[in-house]
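Participant: This is a predicted model, with the sequence first.
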Amino acid sequence: MSEIQEKKSGSRAAIFTIVAFLLLTYALLFTSLQLGYKASLLPLVLTLHLLYNPLIVLAFLSFGLGGGVVAILFPALFGQLISVIASSSLYRLPPTSFFITGIIAYVFLKRERDFQQKNEIEMEELEAEYNVLKEERIKNEAERGGWRKRMLKYSILREITESLSFSLSLDEISNLVTDSALYIIGKGETALLFLIENGKLSLRATSHLGSDFEPQKRVKSKVGDAFDKWVLKRRQNLIVIDGEKDFRFRTFSGGKGERKVRSLISSPLLRGGEVGGILRLDSSLPGEYAADDLRLLDIVASLTSLAMENAELYQRTKELAIRDNLTGLYVHKHFRDRLEEELKRALAQNYPLSLVMLDLDHFKNYNDKFGHIAGDIVLRHLAKILMEETTPGNLIARYGGEEFCILLPRTDKEEAYCLAERIRKRLSKHTITLRRVKTRITVSLGIATLPQDARTSTDLIKKADEALYRAKDGGKDCVCT
């Protein structure tokens, strides 16, 4: 029963007690006044008088001790009045019963109140224990939820680690890291990965949460902003709760048209104490990130550094396998593989492909006169000049010994001849000091072009080699086609 219902029930009992007292008193008064005329009403008056006893009990229950005492005194005095009116000592018995009933009611009331008070104390204690248990349950559920989220994140982190361990491409690693960082932390809008290239920060990969991105959310700065420069300079993790209120960046508002960044977390990619890049998540809303998010991002950044270091090591190992140790040019096998690829592409797309083969004139004389170390110096000088004179789209290889070749996609015979002649003239004017003796080198060059000279790789090499030998037989230091 609720507290309101208990109050209503108590009010009804009090009203009933008062009304019953008034009715009983009226009945007694009326009958007692009739005793002088009708003695037969005496037992009825006595019975009515005894009915005060249950009303006394009700008074104790409804009004407490004060109401109970009043309920005892009133009928007792009224009984004495009736004794006088009726001239009968029998009316002196009920007042005694009133006091006995009152004592019994008081003892019962006291016990009931003590019992109720004890119950209330126990209920308060139980309620307090229940509240404590409820708070502990809520806390435990929150902790369990937090642990579940952490376990899920670390499970995803393990998957990321496995994916990174199998990735040996920098582009693949970059895209995987930005996507994974945004997914595992699950906050913010943009993930950015900057790498140090040629001593400067350069944006390598970006990821966005959702597909409804407006132009203002596109990354325009490709070299980092004030936040990235802070991380790069201090080599420390950075968390910004609100960029507009952070005293470190209060003067930074971004350029015109730049994305609005209010909060972010950023972690440097450290390699041996040096910063190799920056991994960053940001949001246009303030207070988006917490310290736990930054710690998780730092773990992802560490994994990224290791994965990129492994990828770079793999690329260097791969380069060593296809490049000549002495000159740094591609080796013969790699040249043949690339030649097949370029030839198929040239035939399919119908564009010219030229091959220049060149050979050092009188190279044996350098070895005999100055030694093999001097011959190595000459080869390195030649390789350096060839790389300087060609474009990135060309492929230069050491074909064997002192013989070199240059593969020129989308280059006809006339253009190839101009390049070969430019190389020949520069080499003839280039001075090399060997054992304090200044000397010059010359080369003979032969050119063949697809499709007019050949349509297979074997025939193309054969035609270029034949042109080279014609240049040798023609007096050396010349170009033949």
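Facilitator: Yes, it's here. Numbering: from 1, shown residues only.
Participant: Residue 298 - how many residues pack around it?
Facilitator: Close neighbours of residue 298, defined as other CB atoms under 10 Å, add up to 17. Quick note: C-beta positions are derived from backbone N, CA and C, even for glycine.
Participant: For the most centrally placed residue in the chain, give me its contacts.
Facilitator: Nearest residue to the geometric centre of the chain (CA atoms, centre = their mean): residue 185, 1.3 Å. Contacts for residue 185 (CB atoms under 8 Å, 6 or more residues apart in numbering) come out as 265, 281, 289, 293, 296, 297.
Participant: What segments of the stretch 51-200 of the chain are strands?
Facilitator: Shown for the stretch 51-200 of the chain, the strands assigned by DSSP state E, counting those that start in this stretch span residues 190-197, 200-208.
Participant: Using a markdown table, lay out the ones you listed together with mean pLDDT.
Facilitator: Below are these laid out as a markdown table (pLDDT from 0 to 100):
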| stretch | mean pLDDT |
| --- | --- |
| strand 190-197 | 89 |
| strand 200-208 | 83 |
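Participant: Looking at those, which is nearest to residue 468?
Facilitator: For the strands of the stretch 51-200 of the chain, proximity to residue 468 was assessed by CB to CB; strand 190-197 is nearest, at 39.2 Å.
Participant: Listing partners with orientation, what would you give for the closest one?
Facilitator: Paired with strand 190-197 in the same sheet, following DSSP bridges, are strand 200-208 (antiparallel), strand 274-283 (antiparallel).
Participant: Distance of the residue nearest to the centre of the chain relative to residue 438?
Facilitator: Taking CB to CB, to the nearest Å as the measure, residue 185 falls 64 Å from residue 438.
Participant: Please apply the same query to residue 380.
Facilitator: Counting by CB to CB, the gap from residue 380 to residue 438 is 17 Å.
Participant: try residue 273
Facilitator: Remark: distance between residue 273 and residue 438 (CB to CB) = 45 Å.
Participant: Do you have the strands of the stretch 301-450 of the chain handy? List them.
Facilitator: According to DSSP E, counting those that start in this stretch, the strands that the stretch 301-450 of the chain contains are 353-360, 395-400, 403-409, 431-434, 437-440, 443-450.
Participant: Could you give the number of residues near residue 354?
Facilitator: Applying other CB under 10 Å, I find that residue 354 has 28 neighbouring residues.
Participant: Who are the contact partners of the residue nearest to it when sequence neighbours are not counted?
Facilitator: Residue nearest to residue 354 in three dimensions, not counting chain neighbours: residue 416, with 3.7 Å by CB to CB, 6 or more residues apart in numbering. Shown in contact with residue 416 (CB under 8 Å, 6+ apart): 354, 355, 356, 408, 447, 449.
Participant: quick revisit: for residue 380 and residue 438, indicate the residue with more neighbours.
Facilitator: residue 380 (14 against 8).
Participant: Hmm, residue 326 and the more buried one touching each other?
Facilitator: Yes: between residue 380 and residue 326 there is a contact under CB atoms under 8 Å: 6.7 Å.
Participant: Could you count how many residues lie near residue 335?
Facilitator: 23.
Participant: sorry, that was for residue 43
Facilitator: Here the number of neighbours of residue 43 (other CB under 10 Å) works out to 10.
Participant: now, of the strands paired with strand 190-197, which is deepest in the fold?
Facilitator: Counting by mean count of other CB atoms under 10 Å, strand 274-283 has the highest mean neighbour count of the strands paired with strand 190-197, with a mean of 23.
Participant: average model confidence for that one?
Facilitator: Mean pLDDT, computed over strand 274-283, is 90.
Participant: do stretch 418-433 as well
Facilitator: Stretch 418-433 shows a mean pLDDT of 89.
Participant: and the nearest residue to residue 464 once chain neighbours are set aside, what does it touch?
Facilitator: The shortest distance from residue 464 to any non-neighbouring residue, by CB to CB, 6+ apart, is to residue 448 (3.8 Å). Taking CB under 8 Å, 6+ apart as the contact definition, residue 448 lies against 354, 355, 454, 460, 461, 462, 463, 464, 466, 467, 481.
Participant: Quick one: residues contacting the third one.
Facilitator: Contacts for residue 454 were tallied using CB under 8 Å, 6+ apart; they are 448, 460, 462, 463.
Participant: Let me see the confidence value for the first one.
Facilitator: It stands for residue 448. 94.
Participant: where in the stretch 201-350 of the chain is pLDDT low?
Facilitator: Where the stretch 201-350 of the chain drops to pLDDT under 70, the residues are 210-221, 250-258.
Participant: now with 50?
Facilitator: 211-217 (pLDDT under 50).
Participant: Would you give the sheet partners of the one helix or strand residue 265 maps to, along with the direction of each?
Facilitator: In this assignment (DSSP states H and E), residue 265 forms part of strand 263-271. Sheet neighbours of strand 263-271, with direction, are listed as strand 238-240 (antiparallel), strand 274-283 (antiparallel) (DSSP bridges).
Participant: can you pull the buried residues of it?
Facilitator: Using 16 or more other CB atoms under 10 Å as the test for burial, strand 263-271 gives 263, 264, 265, 266, 267, 268, 269.
Participant: Tell me, domain by domain, which residues of the protein belong where.
Facilitator: 3-128, 168-320, 332-480 (automatic domain parsing).
Participant: and of the ones you listed, who's closest to residue 145?
Facilitator: Taking those one by one with CB to CB, domain 168-320 is closest: 13.8 Å.
Participant: distance between the ends of the closest one?
Facilitator: Criterion CA to CA, to the nearest Å; first-to-last residue distance in domain 168-320 is 16 Å.
Participant: burial count for residue 119?
Facilitator: Using other CB under 10 Å, residue 119 has 11 neighbouring residues.
Participant: Test for you: state the pLDDT assigned to it.
Facilitator: pLDDT recorded at residue 119 is 86.
Participant: how close does it get to residue 306?
Facilitator: Distance, residue 119 to residue 306, by CB to CB: 67 Å.
Participant: quick one: the host helix or strand of residue 467 to strand 403-409, angle?
Facilitator: Following DSSP H and E, one finds residue 467 within helix 457-473. Following axes from the mean of the first three to the mean of the last three CA atoms, to 10 degrees, one obtains 130 degrees for the angle between helix 457-473 and strand 403-409.
Participant: Tell me which stretches of the stretch 51-200 of the chain form helices.
Facilitator: Secondary structure of the stretch 51-200 of the chain, counting by DSSP state H, counting those that start in this stretch: helices at 52-86, 93-165, 170-185.
Participant: If you average pLDDT over each of the ones you listed, which is lowest?
Facilitator: Among these, helix 52-86 scores lowest, with a mean of 74.
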